[in-house]
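In: Show me the folded form of this:
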Amino acid sequence: MTTKRALDEFEGKSPFQRVGFLSSSGRVAPVAEHTASFEAGNLTIRVETRPDPAPGEPRGPSILVCASGSWDERLRFDLIDGTLHYHYVAPEGVDRVVVYDEAACGPMLDWVGGCLEGRLATMLRRAGADILADGMDADAVRSVVPAVLDLARPQVTT
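Out: Next up is the predicted model:
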């Protein structure tokens, strides 16, 4: 499938076409050796940290929601200094990037915790991951959220 066709289909089928902007090239692949994984039923929640970035390189964690055992992201929360945002990632790898408004919504890490604990299934559906949303074990997700946030919190700089 071409990128243009994937973008058109994602835009046409998606209930969130008015949120954020579409991108087919914006995500940077996570670095496995800087990433911790938390299994939660049919999902793996990953926290990528950037230890000791060089001057001028971005700082802050990314929290990824993937199918269990996979690196195929369906949601990604980037708590990168100066550019707080999150991604809904379609199956074709096309994603919708949404800029986070900290003034309106408060600290992003707290908001991410609320999303993981209470809105994850809805957000997965918005990303086109209905099968993951349908099979999600909310209790399993809630059980790993404190560890996810504890690992990410020291890396948050904004």
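
In: where in the chain is pLDDT low?
Out: 1-28, 51-58, 158 (pLDDT under 70).

In: What ranges does it have for its helices?
Out: Under the criterion DSSP state H, helices of the chain are mapped to 3-13, 102-105, 108-114, 120-126, 130-135, 138-152.

In: Please spell out which residues along the fourth one are buried.
Out: Buried residues in helix 120-126, counted by 16 or more other CB atoms under 10 Å: 120-121, 123-126. Yep, even glycine has a C-beta here, placed from its N, CA and C like the rest.

In: Who are the contact partners of the residue lying closest to residue 130 once chain neighbours are set aside?
Out: Nearest residue to residue 130, sequence neighbours excluded (CB to CB, 6 or more residues apart in numbering): residue 124, at 7.5 Å. Applying CB atoms under 8 Å, 6 or more residues apart in numbering, we find residue 124 in contact with 65, 74-75, 130, 132-133, 136.

In: Now a ChimeraX select for only the buried ones of the residues you listed.
Out: Burial among those is assessed by 16+ other CB under 10 Å; the matching ChimeraX selection reads:
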select :65,74,75,132,133,136
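
In: Among the contacts of residue 124, which one sits closest to residue 149?
Out: residue 65 (13.9 Å; CB to CB).

In: The closest one against residue 72, yeah?
Out: No: if you go by CB atoms under 8 Å, residue 65 and residue 72 don't touch, sitting 10.2 Å apart.

In: As a markdown table, the buried residues of helix 120-126 with distance to residue 45 would be great.
Out: Converted to a markdown table, those look like this (distance: CB to CB, whole Å):
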| residue | distance to residue 45 |
| --- | --- |
| 120 | 9 |
| 121 | 14 |
| 123 | 13 |
| 124 | 12 |
| 125 | 17 |
| 126 | 17 |
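
In: from those residues, which is closest to residue 152?
Out: Nearest member of the buried residues of helix 120-126 to residue 152, counting by CB to CB, is residue 120, at 15.8 Å.

In: So what's the residue count around the residue nearest to residue 69 when sequence neighbours are not counted?
Out: Nearest residue to residue 69, sequence neighbours excluded (CB to CB, 6+ apart): residue 44, at 6.1 Å. Using other CB atoms under 10 Å, residue 44 has 19 neighbouring residues.
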